[in-house]
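> just to be clear, the model below is a prediction. Sequence and coordinates:
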Amino acid sequence: MKLRGLYAITDSQLLAGKFLAYVEAALDGGVTLLQYRDKSSDEARRLREAEKLHKLCSRYKTQLIINDDAELAARLGVGVHLGQTDGPLTPARSLLGRHAIIGSTCHDQIELAEQAAKEGASYVAFGRFFNSTTKPGAPAATVEMLAQARTRLQLPICVIGGITLDNAEPLVAHGADLLAVVHGLFGAETTQEVTRRARAFNDLLKYSV
Ligand SMILES: Cc1ncc(COP(=O)(O)OP(=O)(O)O)c(N)n1
Ligand SMILES: Cc1nc(C(=O)O)sc1CCOP(=O)(O)O
Ligand SMILES: [Mg+2]
């Protein structure tokens, strides 16, 4: 499967009271990967919500990725996204099997991405490219670094951090395959607007090489 398109990421605060409706609206517009990102320690709720997302994603043939938690991903038989302090990639690959999608946060460092590639990552993520309301303190990355990463890496490249329909195009032009978005997608006022934005993000990737 080609990893290219919109990578929608949930946010439990932003989506409070409209979680499944907004996720389904995004799936209606087209989502390549959906990440369940919940930074709370409420394990029972995390399991419940992840199971619901898994069912929904299966209906839409969208791949579900769990943030941070390889054990939960293994329990559901889905992929995982691991940051630099979320545990090593090699055991996660052994746990999840060779077909699972495993992503790795590489901030603005191509060397981290090359290492992640050696350890079996399915994609690498660079960011933050713009100001982010979801994660304001994330280290910053530049399009120059992205362009260089594109020439050095064979793996799909994901970009993240403050991405909106108004600023995403240069990232695609500099080599991004996956646009990872929280607020620029789910910050919409209505479900119809979420669907429209999802379609528009995908179009940005469809009509470029
Ligand atoms: C697609 C994608 N890219 C980067 C991140 C950030 O991961 P991490 O640095 O582990 O930070 P948290 O999201 O866990 O706060 C991500 N989740 N997804
Ligand atoms: C979870 C996360 N990681 C980042 C990184 O740079 O590693 S930026 C980020 C937040 C993404 O949300 P939004 O689209 O609302 O900015
Ligand atoms: Mg993490």
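Alright, I've got the coordinates. Ligands and ions are numbered 1, 2, ... in the order given.
> spit out the contact partners of the residue of the chain found nearest ligand 3.
As assessed by C-beta to the ion, ligand 3 sits closest to Gly83 within the chain, at 3.3 Å. C-beta here means a position set from N, CA and C on the backbone, and glycine is covered the same way. Counting by C-beta atoms under 8 Å, 6 or more residues apart in numbering, Gly83 touches 68, 104-105.
> most surrounded residue in the residues you listed?
Ser104 (26 neighbours; other C-beta atoms under 10 Å).
> correct me if wrong: that one contacts Glu114.
No - applying C-beta atoms under 8 Å as the test, Ser104 and Glu114 come out as separate, 10.8 Å apart.
> chain center to the longest helix along the chain: distance?
Of all the segments of type helix in the chain, defined by DSSP state H, the longest one is helix 43-60. Averaging C-alpha positions (C-alpha atoms, centre = their mean, to the nearest Å) puts helix 43-60 16 Å from its chain's average.
> wait, does that helix make contact with ligand 1?
No - figure legend: helix 43-60 not in contact with ligand 1 (C-beta under 6 Å from any ligand atom); closest approach 13.1 Å.
> average pLDDT for that helix?
On average, the pLDDT along helix 43-60 is 97.
> what's the pLDDT at Asp208?
Slight slip there: residue 208 is Ser, not Asp. 66.
> ok, Thr190 next?
98.
> and Met1, by the same measure?
So Met1 comes in at 70 (pLDDT).
> return only those of the contacts of Gly83 found close to ligand 2.
Within these, those near ligand 2 by C-beta under 6 Å from any ligand atom are Thr105.
> low-confidence ranges, the chain, go.
Residue ranges of the chain with pLDDT under 70: 207-209.
> helices of that one, residue ranges please.
19-29, 43-60, 70-76, 89-96, 110-118, 143-152, 169-173, 183-186, 191-206.
> Ile163: which of those is closest?
For the helices of the chain, proximity to Ile163 was assessed by C-beta to C-beta; helix 183-186 is nearest, at 5.3 Å.
> what parts of the chain come near ligand 1?
Residues of the chain lying near ligand 1 (C-beta under 6 Å from any ligand atom): 7, 35, 37, 67-68, 81, 83, 86, 103, 105, 125, 158, 160, 180.
> let's see that with 5 Å instead.
Proximity of the chain to ligand 1, by C-beta under 5 Å from any ligand atom, involves residues 67, 81, 83, 105, 125, 158, 160, 180.
> make JSON lines out of those and add distance to Asn202.
Listed next are these as JSON lines, based on distance: C-beta to C-beta, whole Å:
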{"residue": "Asn67", "distance to Asn202": "22"}
{"residue": "His81", "distance to Asn202": "20"}
{"residue": "Gly83", "distance to Asn202": "26"}
{"residue": "Thr105", "distance to Asn202": "23"}
{"residue": "Ala125", "distance to Asn202": "18"}
{"residue": "Cys158", "distance to Asn202": "15"}
{"residue": "Ile160", "distance to Asn202": "17"}
{"residue": "Ala180", "distance to Asn202": "13"}
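> nice, that's everything, thank you.
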